[in-house]
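In: only the shape, not the letters, is given here:
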């Protein structure tokens, strides 16, 4: 028997002793004239006690009647008068300017994105991916107990270690 079973048995014995003394007191109480006018109370079951506790913790809120919202009259939209848009013909004024004619074709040739030309000239060659085995780089850790158990020359130490590592059943 472990400690948990012993505690359980002691608790059960204490419960039975308590019940026996409670019954003796109940038998003695009807003889006394003080408690005779009181009606005997019915014992509540565990479920009834649980319901009472839950009801006490979570009282049911009484539904409040909904408050009437004040009715607001919807205002009628007033008509919006819009003025008619007058269409006008654009007036094109052409000025004869020698300087404008001189620079006329140079702006259109500069519309090419300068970054596109740079990416085409200087392309970076792609390098192949190489995988590295990181497990091979780290030194292997050897368990000293495993070495003791595998080495036949240290039989005495191996027996001692194996006895230490065996699980004990009580």
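Out: Now that the structure is in, tell me what you want to look at. Quick caveat: nothing in here was measured; it's all calculated off a predicted structure. Numbers count the residues shown, from 1 in each chain.
In: all helices of this protein, in order?
Out: With DSSP state H, the ranges of helices along the chain come out as 3-28, 46-57, 98-103, 106-109, 114-121, 134-137, 144-150, 155-165.
In: report all helices and strands that the first one contacts.
Out: What it means is helix 3-28. Helices and strands touching helix 3-28, by 3 or more Cβ pairs under 8 Å, 6 or more residues apart in numbering; DSSP states H and E: there are none. (Glycine included, C-beta is placed from N, CA and C.)
In: could you pull up the mean pLDDT of that helix?
Out: For helix 3-28, mean pLDDT is 84.
In: next one: the fourth one
Out: Mean pLDDT, taken over the full extent of helix 106-109, equals 61.
In: ok, stretch 157-170 next?
Out: Stretch 157-170 comes out at a mean pLDDT of 78.
In: identify the residues contacting it?
Out: Contact with stretch 157-170 is made by 145, 148, 149, 151, as judged by Cβ atoms under 8 Å, 6 or more residues apart in numbering.
In: how many residues are close by residue 145?
Out: For residue 145, the count of nearby residues is 14 (other Cβ atoms under 10 Å).
In: brain fart, residue 115
Out: Counted with other Cβ under 10 Å, residues neighbouring residue 115 total 8.
In: re the thing from before, could I get the helices of the chain as JSON lines with distance to residue 68?
Out: Compiled in JSON lines, the helices of the chain are given as follows (distance: least, Cβ to Cβ, whole Å):
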{"stretch": "helix 3-28", "distance to residue 68": "59"}
{"stretch": "helix 46-57", "distance to residue 68": "32"}
{"stretch": "helix 98-103", "distance to residue 68": "76"}
{"stretch": "helix 106-109", "distance to residue 68": "72"}
{"stretch": "helix 114-121", "distance to residue 68": "68"}
{"stretch": "helix 134-137", "distance to residue 68": "74"}
{"stretch": "helix 144-150", "distance to residue 68": "83"}
{"stretch": "helix 155-165", "distance to residue 68": "81"}
